[in-house]
Every structure is written in C-alpha cells, then in structure tokens.
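> Structure for this input, please:
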Amino acid sequence: MIDHTVWTARLASAASALNGRAYDMAQYLRDAPAWTITPAAYVHPLIDEPDDHVSLHDQAVSVTAAVLLVVAATGTVDQAFSALYNVRDSVRSALVGWTPAGAFSAALFAGGQAEEFLTADPKAGLPATLVWRDLYRTQYLLTF
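Prediction:
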C-alpha cells in the first residue's frame, strides 16, 4: 500500500480552488455534516487490486484513491454544480499525470459520482452542501 498522505499534501499545494483545504478521511468524519468552510477535499484509500502477473519477487498493484469534494450548495442547483465543476477541474489538474511517492505510474482519473446533497437546516446552523466522490488510480510494486 502506498502512503496516501502525499495525495492530501499534493491537493493542498496544487489544487488552487481548495485554498489549502485538503484533509484525510478522519477529518471528514469530524467535519460532517456541518462543513463550515468549503470547498474542501478529503482523501482516502479505497481499493488495492493485484495485477494478474506475479513473479517470485514482485507484483504490480493498482491502487484507487477516493477524493470526496465538499462544496457549498448556495443559489440554484446549476450554481452549486458550477462550483463543483470548478473544484473538480482544479483537483483533476493537480492529480492527473502526477506520480505519487511509492508509485511507478502517473495518477489517472477513474470516475466520479454524487455522494450526498444535504439541504440547509437554518435551525441547526447547517448550510446546504454537495458531496461528490472522484476516483484516481495509480500503480505500485509489491515486493516479496
């Protein structure tokens, strides 16, 4: 398994739309569902899939990292998705083509989907937010 903290550091420094707000999954659990500062990205490892080719000494492993994006859902639905698209573009530009420490191939975009749309709850002080998950994949070498 590769170290996913480098993914968070990469987003904090290279995805300008986040203004440095890139965190791990533990922070996501602390922040949810009352994200006070958005946009933000939360990185967590999702899956390691072994390659079919195995030698006596090593094996290639495809690793998929999930990036949860949280944006304020202010205005119309179109405005909320416009804000999301800007953040997604910034994150994608920071990750696609970048080779994380411990990997031997550049990160590639592997898909995305909506996770949650939380409506505002003024009584509880909760803003409306949109949570989206994008996936990125790279490969590392598992040595025996």
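
> Please count neighbours and contacts with C-alpha atoms only from this point.
Fine.

> what comes up buried for the helix or strand of the chain with the lowest mean pLDDT?
Between all helices and strands in the chain, the lowest mean by mean pLDDT, DSSP states H and E belongs to strand 40-54, at a mean of 88. For strand 40-54, a neighbour-count test (16 or more other CA atoms under 10 Å) marks 40-45, 48, 50 as buried.

> List every C-alpha atom in it, with coordinates, as PDB.
Written as PDB, here are the backbone C-alpha positions of strand 40-54 (Å, rounded to 0.1, in the frame of the first residue of the first chain):
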ATOM      1  CA  ALA A  40     -12.700  21.100   0.800                       C
ATOM      2  CA  ALA A  41     -11.300  17.700  -0.300                       C
ATOM      3  CA  TYR A  42     -10.900  14.600   1.800                       C
ATOM      4  CA  VAL A  43      -8.600  11.800   0.500                       C
ATOM      5  CA  HIS A  44      -8.800   8.200   1.500                       C
ATOM      6  CA  PRO A  45      -7.500   4.900   0.100                       C
ATOM      7  CA  LEU A  46     -10.300   2.900  -1.500                       C
ATOM      8  CA  ILE A  47      -9.000  -0.300  -3.000                       C
ATOM      9  CA  ASP A  48      -5.800  -2.200  -4.000                       C
ATOM     10  CA  GLU A  49      -6.300  -4.600  -6.900                       C
ATOM     11  CA  PRO A  50      -3.400  -7.000  -7.700                       C
ATOM     12  CA  ASP A  51      -2.300  -7.500 -11.300                       C
ATOM     13  CA  ASP A  52      -2.600 -11.000 -12.700                       C
ATOM     14  CA  HIS A  53       1.100 -11.200 -13.400                       C
ATOM     15  CA  VAL A  54       3.100 -12.400 -10.400                       C
END
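
> So which residues make contact with stretch 46-66?
Applying CA atoms under 8 Å, 6 or more residues apart in numbering, the contact partners of stretch 46-66 are 1, 4, 43-45, 133-144.

> Could you give me the ChimeraX syntax to select whichever of these are buried?
Of those, the buried ones can be selected in ChimeraX as follows, counting by 16+ other CA under 10 Å:
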select :4,43,44,45,133,134,135,136,137,138,139,140,141
